[in-house]
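> Let's see this in three dimensions:
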Amino acid sequence: MAMQLPSQRGRGRRAPMAEINVTPLVDVMLVLLIIFMVTAPLLTAGVPVNLPDSRAKALDQDQKPVTIAIDESGAAFVDDKPVADDQLAGALARIAATRTPDGKPPQVLLRADKGLGYGKVMRVMGELNRAGLNRLALLSTPGEKR
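Prediction:
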């Protein structure tokens, strides 16, 4: 009696294929990657603010900064939570009390609508300075290069 092994090709029989086709897996993973890359920036902006254009380059950041937004009506938001004008100083003092591991106050990103008057933005910046939050960055949308 002879035994037939899978590697031997007998009368028209084929050996089972031992390879896995990974092309569909790679295709699905690339589609998911593109979906996440497109939707991730949309998740960061909580308060709708029409930012001004600027040609400045992006900042390097070590930790998650505190975001302060001022919408077109002049309402202030600290990390997407509305804060009344009379409570802004207290909220900023609590933020200034927290320190980064290197002992500095946290970085603050200020997003202000471009239709706002200069006075409202300066009032908020003055409150930031009074609270000791001097690491401030003003956000804008990238403008066209000239």
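> all contacts plus neighbour counts: C-alpha atoms, from now on.
Will do.
> what kind of secondary structure is Ala56 in?
The three-state label given to Ala56 by DSSP: H, G, I helix; E, B strand; the rest coil is coil.
> Contacts only, for the residue nearest to it when sequence neighbours are not counted.
Distances taken as Cα to Cα, 6 or more residues apart in numbering place Pro142 nearest to Ala56, at 7.5 Å, with adjacent residues excluded. Applying Cα atoms under 8 Å, 6 or more residues apart in numbering to Pro142 gives the contacts 53-56.
> Surely Glu127 touches Ala89?
Yes. In this structure Glu127 lies within contact range of Ala89 using Cα atoms under 8 Å: 6.1 Å.
> Weed out the non-buried ones from the contacts of Pro142.
Among these, not one counts as buried by 16 or more other Cα atoms under 10 Å.
> Same list (those) but as CSV, adding pLDDT.
Output for those, formatted as CSV (pLDDT from 0 to 100):
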residue, pLDDT
Asp53, 74
Ser54, 73
Arg55, 74
Ala56, 70
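> now, which of these sits nearest Phe77?
Taking Cα to Cα as the measure, Phe77 sits nearest to Asp53 out of the contacts of Pro142, at 21.0 Å.
> For that closest one, give me phi and psi.
With angles defined as degrees, to the nearest 10, Asp53 sits at phi -90, psi 150.
> How about Arg55?
Taking degrees, to the nearest 10 as the convention, Arg55 sits at phi -100, psi 10.
> Quick check: the gap between it and Ala76.
25 Å (Cα to Cα, to the nearest Å).
> And for Thr100?
24 Å.
> Repeat that for Met125.
12 Å.
> And the two? Which one has more around it.
More crowded of Met125 and Ala76, by other Cα atoms under 10 Å: Ala76, with 24 against 16.
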